[in-house]
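>>> here's a sequence, model it:
(chains A, B and C)
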Amino acid sequence: MIGFFETVGRALIRFVEEFGLIMSLFLSTIAWMFRPPARLRAIFEQMEFVGVNSLLVVILTGTFTGAVLALQAYHGFRLFNAESLVGSTVTLAVTRELGPVITSLMVTGRAGSAMAAELGTMRVTEQIDALYSMAANPIKYLVVPRVVAGALMLPVLTIIADFVGIMGGYVVGVGFLKINSGIYVARIIEIVELEDIFNGLVKSACFGLILSLVGCYKGFYASGGAQGVGKATTQAVVVASVAILISDYFLTAAMF
Amino acid sequence: MTRLSAEAKVGLFVVIGIVILAYMSAKVGKFEYGWGRGYEVYAYFDSAEGLAEAVPVEIAGVEVGQVKKIELEAGRAKVTLQIKQDVEIGEDAKAAIRTTGVLGDKYVELILGSPEATPIKPGGRIEQTVSPTNIDTVIKQLNSIGADIKEITGSISGVLGGKEGEASLKIIVDNLRELAQALNETVQKNNENINRTLDNLAAFSKDLREIAATNKDALSKILANSRDASAQLQETIVAFNQVTEKINRGEGTIGKLIHDEETVDNINTALSSINGYLQKEERFRTYVDYRGEYLFDIDDLKSYLSVRIQPKEDKYYLLQLVDDPAGKKTITETTTIVAGVPTTEYKEKIVKDGIKFSAQIAKRYYNLGLRGGIFESTGGVAADYYLFDDRLMFSLEAFDFDPDEKPHLKFKADYTPFQYIYLTAGFDDFISEDGNESYFVGAGLHFWDEDIKTLLYGAPIPR
Amino acid sequence: MIKLVNVYKSFNGQKVLAGLDLVIEAGKITVIIGQSGGGKSVLLKHMIGLMRPDQGEVFVEGVDITRLNDRRLNDIRKNFGMLFQNAALFDSMTVGQNVAFPLQEHTRLKRDKIDELVEKKLLEVGLRDAAQKMPSELSGGMRKRVGLARAMALDPKIILFDEPTTGLDPITADAIDRLIVETQKHTMATCVVISHDIESSFKIAHIVAMLYQGKIIEIGDPDAVKSSKNPALQQFIQGKAEGPIHVV
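Numbering: from 1, shown residues only, chains lettered A, B, ... in the order given. Prediction:
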């Protein structure tokens, strides 16, 4: 019985500790972000890695998310002859929710894990210590570019995912399910607000911040050789994914 | 194929993202203004029930603006409408709160009067309004209609009821019987239609007879009066006829004026040109702007003083003086020929605190503004992205495309928390190879001509 | 130059440094010997502020670096160069970029001037035409040389060496030892070397110090240390399994 409480207590302490460390990493990242000179080259390299190189996977997942959503919504709406609302349903779901979340989860798997692995390797091979020894702050060199790239690139990826998602929905709705294209588009324009798109983009920027911060954190504090790096990578993906979904709820509650 | 640099790929990627975003916001954006933001009018409603801010304002089903503000004033709802600049509303227009859709969303509909009516000026009032009918008022109206009907039936029963009524009814019935008998023969000969007509006629003539009988005196007086009146009218008409005939013939001043077609033309052109001038002035706006940017790395202030002339809401011209601490660089090239060999000497001269000059033209497409022209005394282009009712603006400028050096790139974000003041932050010359790259923060003041006028009039006068 | 006073450090309840006192003299090569896992690296990391002691002070040129904020600590660190055990080269950069890194960071030199300096530093450690290679293409000995070139890029006053010859073949190890001696002679920098390689240690050292059970048990010139009566030191020098130091 006591052992049970001990386990729970230890987990809680571990959680609070970890959360505190992530927050302090976040604060020092912000502090270093604005301390010149800016590492533009490093930022661009990370932007390319996080953004450009994730393009294909985001386009694929975005398109098929929109397509399958149209398919499912169609079966529901057909029950009361409201097929024309499929487009706006797909568009709202994609811009508000699925675009940001699915993009962020994909990028977490692709880039968040890579960040953890890269920084973890640098930690266990003393490259991070080497940076310190050369009076160069590793947060500025390693964490800031990744976090900036994450927060900037996710909205761009999300808008692309939104677009291809809506296109995917259109192809299924108009092409396969024979909903009138004029009505389909008109309903989208009528119901979807600019705000829906923008709030989705703001959310995705937050998710980008979360996934890059967690990836960097897990890598930055990795220890224990190759095995430790592997563990950090796995944990980065799990923790970031869970954090994205939890924060999604609160962001949505706050925004819409 | 040469491999693209990371910067180029990221740049292309971001541009694609912005284009998609601009396209999508243009598509779903319900009502986007240019920089001009349209103009405001207001109207009073007895009830603004169900109306919300930002719902559309329509004329004939076409969206022309949106509801800006709803407030209570002296027990009535004062609703401020924001109308697109190019839509004119006549003074005789009527504003109505209408309902659309199954869910009963409310919107404001404007019903325009005659096209000749003088347009309402910005800030003016739409006099006539129709408040929405909600179920309560409908029921109330039905109630009062019911009461009216009851009253009418009551008075009818008052007229017809009682002994007098009975007697008169009896007479009527008797008369009718007589008439019927007399007519019967005719009726039998003719068809039913004529029968019915005759019935009606009979009833009517009977009524007339009764009226005439009771008002004999009054009627004869009226007839006498009207005979007099018609005699006088006849005289007036004769006189008027004489006048108009004279005018028609072009006699007298008025006659001449009216007959001269040139006069009419003159007046028409004068009126239309005044109209045009007034309208133009309304749209033409001038802004004066000062901004200071503190450059961290250079540890100095960069100042901009600009005048923005905006003839249309989606277009403006910008003239700007820039005081740049990095200075102005001029390269002079002198070629001297020594012993038949030309040697070229380059001299770089940096003038500290040099004043630079910008002149740009800007055009706006929905949330995206594009600028081009002279940037700090060199050619350049820029893109601005506007968010949250233009309160937040991101812009990226690229200029000084020297083939030997990297172009001057500048990224900034302007945020306007208050009407006249805005804050700015960004990164100037961030791919500089001369060590000019620097973060900056700053602030600016922003007025348009009306503001300046208001400020001048509103300023306290020293006594 | 560097002075550690009564320094304590423990990890997960295990004492690694226990009231350690040590003075490193300027302009000399001090070799700290001791068992593997005995806290030599920890000691070295305290000198450059990569670790902070649980208790005690670390003075670098009279400044207690345990109390400095990041910014001031970075100013102190600019006096240091450090060669890590596995060289710790940035594997995302070429050799040239690795060596150029501190120069780009802390000088306002122009690009071509930096390239020139990098070339020179690489030449000094005997690496010609390696600037364009990636660290993964290099052997262990070459990586250490690049590490040394990088550590020396800013001509530091103090150079720290973390096990410079571990994992190298005897010939390469000797070459590195010579490089250390030459560099020191050349620059008159203060060098601190930690090692468990007795032979090479006594060959290069001006001063030898022995770390045992979290303290410095013996310090002095190589001959004096060699003739010390301390049984642990003698066991270590002679490389015997039996004695006061228990390994298993």
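>>> okay, now the unreliable bits of the stretch 151-300 of chain B?
B:158-162, B:165, B:185-195, B:247-264, B:266-284 (pLDDT under 70).
>>> that one: strands as residue ranges?
Using DSSP state E, counting those that start in this stretch, the strands of the stretch 151-300 of chain B run over B:285-295, B:300-312.
>>> which one of those lies closest to chain A?
Of all these, the one in closest proximity to chain A, counting by CB to the nearest CB, is strand B:285-295 (9.9 Å). Where C-beta positions appear, they are placed from N, C-alpha and C, glycine not excepted.
>>> the closest one packs against which elements?
Here strand B:285-295 touches strand B:300-312, strand B:421-428, strand B:438-448, helix B:449-458, going by 3 or more CB pairs under 8 Å, 6 or more residues apart in numbering or on different chains; DSSP states H and E.
>>> can you give me the offset of it from its chain's centre?
Averaging C-alpha positions (CA atoms, centre = their mean, to the nearest Å) puts strand B:285-295 29 Å from its chain's average.
>>> and the helices and strands packed on strand B:285-295: which comes nearest A:Ala93?
strand B:421-428 (35.0 Å; CB to CB).
>>> and the closest one, how far from the chain's centre?
33 Å.
>>> please apply the same query to stretch A:143-154.
Centre to centre, stretch against its chain (CA atoms, centre = their mean), the figure for stretch A:143-154 is 11 Å.
>>> domain parsing for chain C?
Residue ranges for the domains of chain C, per automatic domain parsing: C:1-79+C:158-163+C:189-248, C:82-155.
>>> before we move on, what about chain B?
Looking at automatic domain parsing, the domains of chain B come to B:1-30, B:34-132, B:137-214, B:217-249, B:285-458.
>>> and the helices and strands packed on strand B:285-295 as CSV, adding mean neighbour count and distance to chain A?
Putting those into CSV (neighbours: other CB atoms under 10 Å in any protein chain shown; distance: least, CB to the nearest CB, whole Å) gives the following:
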stretch, mean neighbour count, distance to chain A
strand B:300-312, 16, 14
strand B:421-428, 18, 7
strand B:438-448, 18, 6
helix B:449-458, 11, 28
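>>> which residues does the residue in chain A that chain B sits nearest to contact?
Residue nearest to chain B within chain A (CB to the nearest CB): A:Val156, separated by 3.6 Å. By CB atoms under 8 Å, 6 or more residues apart in numbering or on different chains, the contact list for A:Val156 reads A:51, B:13-14, B:16-17.
>>> A:Ala222 versus A:Glu118, what's the distance?
10 Å (CB to CB, to the nearest Å).
>>> before we move on, back to that, pipe the strands of the stretch 151-300 of chain B into TSV and attach distance to C:Gly141 per row.
Formatted as TSV, the strands of the stretch 151-300 of chain B follow (distance: least, CB to CB, whole Å):
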stretch	distance to C:Gly141
strand B:285-295	47
strand B:300-312	50
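>>> of all those strands, which lies closest to B:Thr244?
strand B:300-312 (48.8 Å).
>>> what does the closest one contact?
B:34-36, B:283-295, B:316-326, B:358, B:428, B:440, B:442, B:444.
>>> rerun at 6 Å
Contacting residues not belonging to strand B:300-312 are listed as B:284-295, B:316-325 [CB atoms under 6 Å, 6 or more residues apart in numbering or on different chains].
>>> who touches residue 24 in this structure?
Let's take chain A. A:Ser24 neighbours (CB under 6 Å, 6+ apart): none.
>>> that answer is for a different chain, and I need it for chain B
Applying CB under 6 Å, 6+ apart, the residues contacting B:Met24 are A:Ile197.
>>> could you check which helix or strand contains it?
Using DSSP states H and E, B:Met24 sits within helix B:6-28.
>>> elements contacting the helix or strand that comes right after that helix?
Note on helix B:6-28: by DSSP H and E, the next helix or strand toward the C-terminus is strand B:39-45. Counting contacts by 3 or more CB pairs under 6 Å, 6 or more residues apart in numbering or on different chains; DSSP states H and E, strand B:39-45 packs against strand B:76-83, strand B:125-126.
>>> for strand B:39-45, which positions count as buried?
Residues of strand B:39-45 classed as buried: B:39, B:41-45 (neighbour count, 16 or more other CB atoms under 10 Å in any protein chain shown).
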